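Student: Using only what follows, build the 3D model:
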Amino acid sequence: MLTSNGLYTDDIKEQFVQLVGYNLSSVRAAIITTASPEKERNKHAIKAINDFVMLGIQTVDFIDIEFDSPELLNNYQVIYINGGNPYMLLYHLKNSGADKVFNQVANKKSIIVGASAGAMVLGPHIQIVNHFTPWMNELNVNDFRGLELTDKIVFPHYDREDLFPKADGKTIEERIRFFEQMNNCNICRLKDHEFIWEQVE
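Tutor: Down below sits the predicted model:
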């Protein structure tokens with residue numbers, strides 16, 4: 001599930017429950033906190049764990065792949081990738097070997113929920129991040145290739161001009177169109193209440 005804000009609406013929660021497809025009380029869920037410097041104290045990570053518990057999932061753990069073994073992800077049926085800094089997240093996914101583990105869990109038909117930056121890294125690359133917010137690249141990441149679990153290039157928070165102030169007077173849409181023309185690609189624009197479901201083959 002590619003989302004801007006995770007399980008943000010009742011509709012997204014309903015779709016999530018349908019995707020899981022079995023007794024939620026027996027499901028184990030992991031929340032990856034790596035993208036935010038606040039880690040498990042990040043308000044969106046806290047909301048995610050509360051959402052899972054409210055839905056009936058009894059086992060929910062925080063995992064930070066910057067420090068924790070990515071092999072732990074094999075123990076969960078649901079993996080939620082919290083948002084934050086896409087560069088930091090992508091760097092640690094690759095540096096830890098979690099990118100390879102994600103291929104394993106996807107093949108086991110685990111449910112992967114990407115929120116904001118968590119959705120962006122699941123695609124072919126995060127070059128759109130470099131187009132909008134290059135100053136976030138504090139780790140000097142130069143390999144923007146994503147996990148390629150989907151061919152969708154996601155731009156989250158498409159309806160939030162406040163998060164992406166106008167550059168040279170241009171709106172989010174105008175800047176995305178320029179990026180699409182320059183890179184010969186299509187960007188999936190996701191508003192905060194929207195999501196995309198992809199089945200990994």
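Student: CA atoms for contacts and neighbours, from now on please.
Tutor: OK.
Student: Give the buried residues for the host helix or strand of R177.
Tutor: Secondary structure from DSSP states H and E places R177 in helix 172-183. Under the neighbour-count criterion of 16 or more other C-alpha atoms under 10 Å, helix 172-183 has 172, 175-176, 179 buried.
Student: on contacts alone, who are the packing partners of whichever helix or strand comes after that helix?
Tutor: For helix 172-183, the following helix or strand on the C-terminal side (DSSP H and E) is strand 187-189. Secondary-structure packing of strand 187-189 (3 or more C-alpha pairs under 8 Å, 6 or more residues apart in numbering; DSSP states H and E): strand 153-155.
Student: what about the strand it packs on, distance to the chain center?
Tutor: 10 Å (C-alpha atoms, centre = their mean, to the nearest Å).
Student: and if you look at stretch 122-129?
Tutor: The answer for stretch 122-129 is 11 Å, by C-alpha atoms, centre = their mean.
Student: what about that stretch, how long is it end to end?
Tutor: End-to-end span of stretch 122-129 (C-alpha to C-alpha, to the nearest Å): 13 Å.
Student: I would like the residues contacting it, please.
Tutor: 86, 114, 120, 144-155, 179 (C-alpha atoms under 8 Å, 6 or more residues apart in numbering).
Student: And these, which is closest to D51?
Tutor: Nearest to D51 among the contacts of stretch 122-129 is G114, at 14.5 Å by C-alpha to C-alpha.
Student: Next up, the contacts around that closest one.
Tutor: G114 touches 1-4, 6, 80-83, 120, 122, counting by C-alpha under 8 Å, 6+ apart.
Student: Those residues in helices, which ones?
Tutor: Using DSSP state H, the members of the contacts of G114 that fall within helices are M120.
Student: Among the contacts of G114, which one is most surrounded by other residues?
Tutor: Taking other C-alpha atoms under 10 Å as the neighbour criterion, M120 ranks highest of the contacts of G114 with 31 neighbours.
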